[in-house]
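Novice: need a 3D model of the sequence below.
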Amino acid sequence: MTGRSQEELTGVTQLGSQGTEYRFSYSPAILESFENKHPGRDYFVKFNCPEFTSLCPMTGQPDFATLYISYIPDRRMVESKSLKLYLFSFRNHGDFHEDCMNIIMNDLIALMDPRYIEVWGKFTPRGGISIDPYCNWGRPGTKYEQMAEHRLLNHDLYPEKVDNR
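Specialist: Next up, the predicted model:
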């Protein structure tokens, strides 16, 4: 079976839209998903988002990061344009780096219920220090939970490892 039917694309409204609306405040409702046609196979879907911005909750100054989002889908997958618009909605969101990464992960879990997911923000150094918050989640009692534990125990958090898997 190749391609997708119109029925399978129901609910995907952002992709192909000429009237894209950019939200300037945190907006998880913009996220859209579609059916995974290969739910019996474990495979990673990876997004590299080099232009993420949010605001410092204390100073209101912008913070810049590259986000790495990787997940093993189950029944649903995130549609990439809606993800891009969702990440853009953080532009005026004032929160700490660690909170932003966990919020993003929680919203994606709520949207897709993936088998495994990890979200890593590599923030631009400010004042001589960079913050690289990493969070992951695997379904409890499964090999995905063990995968999450293994990655944390082995500190597999470096770009050269992430980009060359």
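Novice: and Arg91, what does it touch?
Specialist: The neighbours of Arg91, taking Cβ atoms under 8 Å, 6 or more residues apart in numbering as the test, are Phe24, Thr53, Ser54, Leu55. Every C-beta, even on glycine, is put in place using the N, C-alpha and C of the backbone.
Novice: could you report the pLDDT at the nearest residue to the last one once chain neighbours are set aside?
Specialist: Just to be clear, that refers to Leu55. Taking Cβ to Cβ, 6 or more residues apart in numbering, and ignoring the residues beside it in sequence, Leu55 has Gly94 as its nearest neighbour in space, at 4.3 Å. For Gly94, the model assigns a pLDDT of 94.
Novice: so Gly94 sits against Gln61, correct?
Specialist: No. With contacts counted by Cβ atoms under 8 Å, Gly94 stays clear of Gln61, the gap being 9.9 Å.
Novice: what comes up buried for stretch 10-23?
Specialist: If you call a residue buried by 16 or more other Cβ atoms under 10 Å, then stretch 10-23 has these buried ones: Val12, Gln14.
Novice: who's in contact with it?
Specialist: Stretch 10-23 has contacts (Cβ under 8 Å, 6+ apart) with Ile30, Glu32, Ser33, Phe34, Glu79, Ser80, Lys81, Ser82, Leu85, Phe88, Ser89.
Novice: if you set the cut-off to 10 Å instead, what comes out?
Specialist: Outside of stretch 10-23, the residues that reach it under the criterion Cβ atoms under 10 Å, 6 or more residues apart in numbering are 4, 9, 27, 29-35, 79-86, 88-92.
Novice: helix or strand for the residue most central in space within the chain, which one?
Specialist: By Cα atoms, centre = their mean, the mean C-alpha position of the chain lies nearest to Ile69, the distance being 4.3 Å. With elements taken from DSSP states H and E, the one containing Ile69 is strand 62-72.
Novice: for the lengthiest helix in the chain, name the packing helices and strands.
Specialist: Among all segments of the chain classified by DSSP state H, the helix with the greatest residue count is helix 97-112. If contacts are counted by 3 or more Cβ pairs under 10 Å, 6 or more residues apart in numbering; DSSP states H and E, helix 97-112 sits against strand 33-35, strand 45-55, strand 62-72, strand 76-78, helix 80-88, strand 116-123, strand 134-138.
Novice: returning to what we had before: the residue nearest to the centre of the chain pairs with what?
Specialist: Note on Ile69: beta-bridge partners Phe47, Val119, judged by DSSP bridges.
Novice: distance check, it against Leu87.
Specialist: Plainly put, Ile69 is 9 Å away from Leu87 if you go by Cβ to Cβ, to the nearest Å.
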